[in-house]
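S.K.: here you go, sequence then predicted model.
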Amino acid sequence: MTADEVQALFTRADGSYLFARWGRPIVPVVFGVADQTLPVVKGAIEAVVTLAGHQMAETDPELGANLMVFFFRDWAELAALPDLDRLIPDLHPLVERLQAQGANQYRAFRFDSEGAIQAAFVFVCMDEALSQMPAETLALAQAAQVILLWSDTAFAEKAPLAQVGERVILRPEIGDVIRAGYDPVMPAVAEDPSHALRLAARLPAGEGEA
């Protein structure tokens with residue numbers, strides 16, 4: 001993956017560059033899945049966190065849980081969840097917009113005073129397309145997309161996962177970017193596109209200046 005390709009992963013639709021990683025251990029909680037599916041979702045999160053070289057924890061001292069993943073059948077269900085509007089500003093207009101767009105997933109992030117990821121909320125509306133997807137695949141895709149603050153267009157044309165025989169895996173080059181992003185010498189937050197050069201220099205076939 002070239003430096004330009006890395007830069008595109010964190011360049012938003014408005015042309016701004018923004019990279020952020022988690023600044024604290026991740027504490028996930030999952031809603032709306034059967035008991036037998038819960039280990040699958042948490043296992044996928046743990047696998048991606050381990051890949052990144054980051055940490056998980058049993059509880060967050062401020063928030064209790066800081067990664068909340070919701071699975072549901074209809075966006076309208078969100079409006080009925082108590083206190084969710086306190087966590088997600090303008091929840092009702094957001095739900096209306098997502099319904100109008102025919103969206104089947106949405107991620108919202110909170111950031112600490114330094115700009116690192118403090119919390120994330122993942123909403124997955126199980127439409128027909130997602131309902132046909134194996135739980136392992138769906139969980140891995142969500143985990144990959146929440147481990148970093150990717151661009152809003154990063155995976156518009158190419159998903160973070162790839163089919164290898166009968167298995168679905170995280171694309172190796174995306175895994176490499178995740179690992180590079182969590183390199184201890186790299187900043188937790190970056191707004192300068194030159195950051196992409198430093199990331200690319202840490203990839204197996206990277207280009208750029210460290």
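M.R.: Good, I have the coordinates.

S.K.: just the pLDDT at Ala205, thanks.
M.R.: Per-residue confidence at Ala205 stands at 64 (pLDDT).

S.K.: spatially central residue in this structure, please.
M.R.: Val146 (1.3 Å; Cα atoms, centre = their mean).

S.K.: right, and that residue touches Ala119 too?
M.R.: No: contact criterion Cβ atoms under 8 Å: Val146 and Ala119 do not qualify, at 10.4 Å. (Each C-beta comes from the backbone N, C-alpha and C, glycine too.)

S.K.: what packs against the longest strand belonging to the chain?
M.R.: Using DSSP state E, we find that the single longest strand of the chain is strand 117-125. Judged by 3 or more Cβ pairs under 8 Å, 6 or more residues apart in numbering; DSSP states H and E, the packing partners of strand 117-125 are strand 67-72, strand 105-111, helix 135-146.

S.K.: contacts for the last one, please.
M.R.: If you take Cβ atoms under 8 Å, 6 or more residues apart in numbering as the criterion, helix 135-146 is touched by 33, 37, 40-41, 43-45, 47-49, 67, 69, 105, 107, 120, 122, 124, 130, 155, 159-161, 168-170, 174, 178.

S.K.: low-confidence stretches in this protein?
M.R.: Filtered on pLDDT under 70, the chain yields the residue ranges 205-210.

S.K.: and it, what are its domains?
M.R.: Per automatic domain parsing, the structural domains of the chain span 1-21+148-210, 22-146.

S.K.: strands of the chain, start to end?
M.R.: Using DSSP E, strands in the chain cover 19-20, 28-31, 67-72, 105-111, 117-125, 161-164, 167-170, 189-190.

S.K.: sheet partners, orientation included, of the first one?
M.R.: Read it as strand 19-20. strand 189-190 (antiparallel) (DSSP bridges).

S.K.: what does the strand it pairs with rub up against?
M.R.: Residues contacting strand 189-190 (Cβ under 8 Å, 6+ apart): Tyr17, Leu18, Phe19, Ala20, Arg21, Glu114, Gly115, Ala116.

S.K.: of these - the most surrounded one?
M.R.: Neighbour counts for the contacts of strand 189-190 (other Cβ atoms under 10 Å) peak at Phe19, which has 26 neighbours.
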